[in-house]
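J.: make a model of this:
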Amino acid sequence: MNSKSLSFIFILLSIYLTNALPLYKRSCSKSHKVVKGDTCHKIWTKYGLSESKLRSLNPGISCSSLKIGASVCVGSGSVSYNSSCSSHYTVANGDTCYKIWSKYGLSESKLRSLNPGISCSSLKKGDKVCVAGGSNNNSGSSCKSHYTVGKGDTCYKIWTKYGINEATLRNLNPGLSCSSIRPGQELCVKNSSTSNNGNKGSPSSSFTWYKECNTPNTFAITFDDGPYKYDNDLLDLLKKKGVKATFFINGDNVSDIRNSSIRSIIKRMYNEGHNVLSHTWSHKDLTKVSDTKFRSELKLLEDQIYDIIGKRPKAIRPPYGSNNSKVINNLKYFGYSYGILWHVDTEDWSNLGNVSKIHNFVKKGLETSKSPIILNHSFYKDISREKLLKAVEDEIDYLKGKGFKGVNMETCIGHSVYRSSGEGFPN
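T.: Purely as a prediction, here's the structure:
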């Protein structure tokens, strides 16, 4: 073979290798190594991605034939932002998308529209995030109707008055800070393309209550009223037993969700495959609160959960299980699809963690259900680490001994318990 032939082959080989190497291999900033039992769904859920985002990062990926040891890209090289951006923010340690859009008075959808392809789960210190568009200003001729802020006005009152939602009001008024609006300030409330539907989330078309799992021979052990200081020990036990659970948490009840140590517990819950769902902000009976309070009980907690795990719940357990038609209609309006009650109540809060009594409640429950949802609490009067762990371990050992598998709520009911990626809280 002469030198010309060798050169030609070398050129062809170079072209093949260059084109065969996907772009994500050259620009990927974060990879996941496939382990036994992994699926695409598990991977994109773990890293807070959508299916489409995972596939765009991994062109040609075959989700039906993932190989153990293969590398899957879960983060792109840098945050992209549009060229017409007029103001950028440099990501610092501890920043999240939620903190950034709140700081600049944006909505989630607005931040994402300014930063196409942004991955909120993998922000890095030094990334540049666009926080204001160069020409996206509705205070000029494109605004068809203005409102002059009066004394006592809030953004909520204004968007409700004009039949729009939070995202629409913020998109009409880039940079709006709802915490510091002032009398006399002019806000745009309508332009030529304003729709009452907005894009910040939408009501749910249906609502379903669950007391049992749809998946046979499973049990869903659930814990209300946390997080609490013993939850890390509880997570250790669940890991040891190979059981996934569901935590219906509050924002400000027995613990304050804004506390860093509590936030780390919640993050661990989610990262270890448990579901973190709503039990309202402060454990109020939803049948007894005003519509405004109802909304805040949901949204305050939802925003904090999103800031911690990058997901918004669409499943809830109302405090005390208390509900009526008004509660259901409100939950549907605010985008909730599933209400989770229980088939077995361990009554741990009243028997103070009595192992024998809890065991009997579980045993009796199995007489009428082969896929029970079980109510426990992360906190009750006189709780101790020993009481909690002993009672829960007895429950798990008994159920597993009967051939049941402990699963999280998503597996239990067979539906996603979180809103779609990018979907926010409805008006």
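J.: now residue 286: phi and psi?
T.: With angles defined as degrees, to the nearest 10, residue 286 sits at phi -70, psi -10.
J.: pretty sure it contacts residue 318?
T.: Yes. Counting by CB atoms under 8 Å, residue 286 touches residue 318, with 5.0 Å between them. The C-beta positions use only the backbone N, C-alpha and C, and glycine is treated the same way.
J.: intersection of neighbour lists for those two?
T.: Taking CB atoms under 8 Å, 6 or more residues apart in numbering as the contact rule, residue 286 and residue 318 both touch 280, 327.
J.: distance of residue 155 from residue 208?
T.: Residue 155 sits 32 Å away from residue 208, going by CB to CB, to the nearest Å.
J.: tell me the SS of the residue nearest the centre of the chain?
T.: Ranked by distance to the mean C-alpha position of the chain (CA atoms, centre = their mean), the top residue is residue 311 at 1.2 Å. Assigned by DSSP: H, G, I helix; E, B strand; the rest coil, the conformation of residue 311 is coil.
J.: OK, contacts around it?
T.: So residue 311 contacts 48, 270, 276, 305, 418-419 (CB under 8 Å, 6+ apart).
J.: hmm, back to that, so between residue 155 and residue 208, which is more surrounded?
T.: The residue with more neighbours, out of residue 155 and residue 208, is residue 155; 19 against 12, by other CB atoms under 10 Å.
J.: so that one makes contact with residue 185?
T.: No. Using CB under 8 Å, residue 155 makes no contact with residue 185, being 11.1 Å away.
J.: quick one: pLDDT of the closest residue to residue 182 other than its chain neighbours?
T.: Nearest non-adjacent residue to residue 182, counting by CB to CB, 6 or more residues apart in numbering: residue 149, 6.5 Å away. Looking at residue 149, its pLDDT is 87.
J.: what do you get for residue 297?
T.: Looking at residue 297, its pLDDT reads 97.
J.: so it: helix, strand or coil?
T.: helix.
J.: what's the spacing between it and residue 379?
T.: 19 Å.
J.: same question for residue 102.
T.: 29 Å.
J.: the more surrounded of these two?
T.: residue 379 (21 against 18).
J.: what residues are up against that one?
T.: Residues near residue 379 by CB under 8 Å, 6+ apart: 225-226, 228, 254.
J.: ditto for residue 123
T.: 79, 91, 95-97, 129.
J.: could I get those as TSV with pLDDT and neighbour count?
T.: Putting the contacts of residue 123 into TSV (pLDDT from 0 to 100; neighbours: other CB atoms under 10 Å) gives the following:
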residue	pLDDT	neighbour count
79	46	21
91	88	18
95	85	17
96	84	16
97	84	22
129	85	22
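J.: closest one of these to residue 399?
T.: Nearest to residue 399 among those is residue 96, at 37.1 Å by CB to CB.
J.: in three-state terms, label the residue nearest to the closest one when sequence neighbours are not counted for me.
T.: Of all residues not flanking residue 96 in the chain, residue 307 sits nearest, at 5.5 Å (CB to CB, 6+ apart). What three-state DSSP gives for residue 307 is helix.
J.: residue 307 and residue 99 touch, don't they?
T.: Yes. With contact defined as CB under 8 Å, residue 307 counts as touching residue 99 (7.1 Å).
J.: look at these two and report which has more neighbours.
T.: Neighbour totals were compared for residue 307 and residue 99, and residue 307 leads with 18 against 14 (other CB under 10 Å).
J.: distance of that one from residue 39?
T.: For residue 307, the distance to residue 39 - CB to CB - is 27 Å.
J.: ok, then the element right after the lowest-mean-pLDDT helix or strand in the chain?
T.: Here the helix or strand of the chain ranked lowest by mean pLDDT, DSSP states H and E is helix 23-27, holding a mean of 38. Downstream of helix 23-27, the next assigned helix or strand under DSSP states H and E is strand 30-33.
J.: so residue 294 touches residue 287, yeah?
T.: No. Applying CB under 8 Å as the test, residue 294 and residue 287 come out as separate, 9.7 Å apart.
J.: who has more neighbours, these two?
T.: Between residue 294 and residue 287, residue 294 has the larger neighbour count (other CB under 10 Å), namely 21 against 15.
J.: buried set for whichever strand or helix holds the more buried one?
T.: If you go by DSSP H and E, residue 294 is part of helix 291-309. Within helix 291-309, the residues that count as buried by 16 or more other CB atoms under 10 Å are 294-309.
J.: packing partners of the following helix or strand past it?
T.: The helix or strand immediately downstream of helix 291-309 is strand 315-316, counting by DSSP H and E. Counting contacts by 3 or more CB pairs under 8 Å, 6 or more residues apart in numbering; DSSP states H and E, strand 315-316 packs against strand 275-278, strand 338-340.
J.: what sits up against the helix or strand that comes right after strand 315-316?
T.: Using DSSP H and E, the helix or strand that follows strand 315-316 in sequence is helix 325-333. With CB under 8 Å, 6+ apart as the test, helix 325-333 has contacts from 203-207, 286-287, 291, 294-295, 316, 318, 339, 426.
J.: and if you look at stretch 89-103?
T.: With contact meaning CB under 8 Å, 6+ apart, stretch 89-103 is reached by 79, 104, 106-108, 110-111, 118, 120, 123-131, 303, 306-307.
J.: pLDDT of the stretch of helix or strand residue 373 belongs to, averaged?
T.: In the assignment (DSSP H and E), residue 373 maps to strand 373-377. If you average the pLDDT over strand 373-377, you get 98.
J.: that one pairs with which strands?
T.: Sheet pairing here is set by DSSP bridges, and for strand 373-377 it gives strand 218-224 (parallel), strand 344-345 (parallel).
J.: shaky segments in the stretch 101-250 of the chain?
T.: Residue ranges of the stretch 101-250 of the chain with pLDDT under 70: 105, 107, 109, 133-142, 160, 163, 165-167, 192-202.
J.: the strands in it, which residues?
T.: 128-133, 143-148, 186-191, 208-210, 218-224, 246-249 (DSSP state E, counting those that start in this stretch).
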